[in-house]
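Chemist: Fold the following.
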Amino acid sequence: MKENAKQANGQENLRTTGQPNGQIHAGGPENEQTSRQADRQPNGQATRPRVAVLFGGRSSEHAISLQSAAAVVRAMEKSRFEAVPVGITREGRWLRFCGSAQEIASGAWEAADCTPVTLSPDPADHGLLVWEPGGVRRERLDAAFPVLHGKNGEDGTVQGLLALADIPCVGCGVLASAVCMDKDIAHRLAGAAGVAVPPCAVLRAEELCAAAPFGAKNAAREKSAAQTAGTLSAGARADRARAADAAAPPERNMRQLLAARTKQLRYPLFVKPARAGSSFGVTRVETPDRLAEAVAAAFSHDDKVLVEQGVPGFEVGCAVLGTGGSLTLGEVDEIELAHGFFDYTEKYTLETARIHMPARLPAAERERIRAAAETVYRALDCAGFARVDLFYTPEGRIVFNEVNTIPGFTEHSRFPGMMRGAGLAFDTLVAQLIEGTVTA
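Modeler: Alright, predicted model coming up:
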């Protein structure tokens, strides 16, 4: 095979022969020099910095990610950066996409111009391995912008892979992404930083299983064995059957456990998966008889669940941009609800909810909310950007809710709206985020 072919778009063929077991050879000073040369046009001028836009993902928020990524790609078309769209299917396949932003938004991208890729963890590759019919080539990246909402993208997993590859990542790093995804840990850190948090109880799947001595399957197996064991007397078989029935997971034990764990909380309660986004698996519970059902629904999304005491008042949010000492705080918004809570449907359709930006609060109160958002942002080690969500009570208390490290990112989403309220247009916001990452 020929030596690595230099290409003006930053792509580079890899040698796939002459190595033990057919391994790809991509490292070493020679390849690094070749890659740097490939990042220049034939006239010697540097090409536009190449930024992977990661979208889709193995998440219940896959469809929302497509909308956000399409908006980011459109904004990058007007910037000095070249977008390298990389879609992740619901099954977890990574595909280099060469079509339009509209195809991303519509979901048609998977059936369009796609090539399988791998994000190489080897810093010498510093980018993608593109698996083409004729072989494998390297596509160098200057940075990556994960526009992945929820699990397997917003939780530190992708950020960790980018850190291994030594590829700069737009937004929060591994620690902040993981911490903010876990509502329990985020609440503990926000509380330690002096921001009020809702009273809550934390439940884990294993402790609920322990409430029943045996699982349902084991109990049924014991019962069947007792009934069919020919060596046992009729009385012994009856005793074994009664014991098996008693060992089945008792609903009464479950309710007693939940009552004991939540006895300090006042209804209404909100039951939430600890690590899920967009209000998936969240239930408002008005009475104790509905608690077990809500907990079961939350456990279908995660093996750790929060039961939170409801906070009176309304939800407010603040967008935060920047890293370290210099932060830009967006305008504060307010969510007005006709009924219920700000669930998945309301977040993305606004059927009955309304978002007021700026919030209908005096300027001094909005400034207090900004200060609380900055405190949380710093306490949770956020960087790049994030949206801090809080509650504002009738008494004027500010209570922490959660942090979204990759919030919705269309031109009509809350984060860009808050930044627009602070004077930062959407295209400028996207360019500024990437600029801060590439030049850091």
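
Chemist: Residue 52 should be in a strand, yeah?
Modeler: Yes: using DSSP: H, G, I helix; E, B strand; the rest coil, the assignment for residue 52 is a strand.

Chemist: burial measure for it, as a count.
Modeler: Using other Cβ atoms under 10 Å, residue 52 has 25 other residues around it. Bear in mind the C-beta positions are built from the backbone N, C-alpha and C, glycine included.

Chemist: ditto for residue 385
Modeler: A total of 28 residues lie near residue 385 under the criterion other Cβ under 10 Å.

Chemist: Pretty sure residue 386 sits against residue 180.
Modeler: Yes: contact between residue 386 and residue 180 holds when scored by Cβ atoms under 8 Å: they sit 7.0 Å apart.

Chemist: Find residues that contact each of these two.
Modeler: Overlap of the contact sets of residue 386 and residue 180 (by Cβ atoms under 8 Å, 6 or more residues apart in numbering) consists of 172, 403-405.

Chemist: Dump the residues you listed to JSON lines, plus distance to residue 48, neighbour count and pLDDT.
Modeler: Below are these laid out as JSON lines (distance: Cβ to Cβ, whole Å; neighbours: other Cβ atoms under 10 Å; pLDDT from 0 to 100):
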{"residue": "172", "distance to residue 48": "25", "neighbour count": "28", "pLDDT": "98"}
{"residue": "403", "distance to residue 48": "32", "neighbour count": "28", "pLDDT": "97"}
{"residue": "404", "distance to residue 48": "29", "neighbour count": "22", "pLDDT": "96"}
{"residue": "405", "distance to residue 48": "27", "neighbour count": "27", "pLDDT": "97"}
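
Chemist: Could you dump those into CSV and include distance to residue 371 and secondary structure?
Modeler: As requested, the shared contacts of residue 386 and residue 180 are arranged in CSV below (distance: Cβ to Cβ, whole Å; DSSP: H, G, I helix; E, B strand; the rest coil):
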residue, distance to residue 371, secondary structure
172, 20, coil
403, 15, strand
404, 19, strand
405, 20, coil
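
Chemist: of all those, which two lie farthest apart?
Modeler: The two members of those with the most space between them (Cβ to Cβ) are 172 and 404, at 10.1 Å.

Chemist: Can you check which residues contact both of those two?
Modeler: 180, 386.

Chemist: Need the nearest residue in space to residue 290, chain neighbours excluded.
Modeler: Spatially, and ignoring its direct neighbours in sequence, residue 290 is nearest to residue 283 (7.9 Å; Cβ to Cβ, 6 or more residues apart in numbering).

Chemist: cool, residue 114 as well?
Modeler: residue 95 (4.0 Å).

Chemist: hang on, the one you found is in a helix, isn't it?
Modeler: No: secondary structure assignment (three-state DSSP) places residue 95 in strand, not in a helix.

Chemist: any idea how far it is from residue 169?
Modeler: According to Cβ to Cβ, to the nearest Å, residue 95 and residue 169 sit 20 Å apart.

Chemist: Those two: which has the busier surroundings?
Modeler: residue 169 (24 against 20).

Chemist: What pLDDT is listed against that one?
Modeler: Looking at residue 169, its pLDDT stands at 98.

Chemist: Renumber starting at 44 from here on
Modeler: Sure, I'll start numbering at 44, so the last one becomes residue 212.

Chemist: Pretty sure it sits against residue 186.
Modeler: Yes: counting by Cβ under 8 Å, residue 212 touches residue 186, with 7.2 Å between them.

Chemist: hey, what's in contact with both of these two?
Modeler: residue 480.

Chemist: Could you check the helix or strand hosting residue 115 and say which residues are buried?
Modeler: Taking DSSP states H and E as the definition, one finds residue 115 inside helix 105-119. Judged by neighbour count using 16 or more other Cβ atoms under 10 Å, the buried positions of helix 105-119 are 105, 107-119.

Chemist: So which other helices or strands are in contact with it?
Modeler: strand 93-99, strand 125-131, helix 144-149, helix 469-481 (3 or more Cβ pairs under 8 Å, 6 or more residues apart in numbering; DSSP states H and E).
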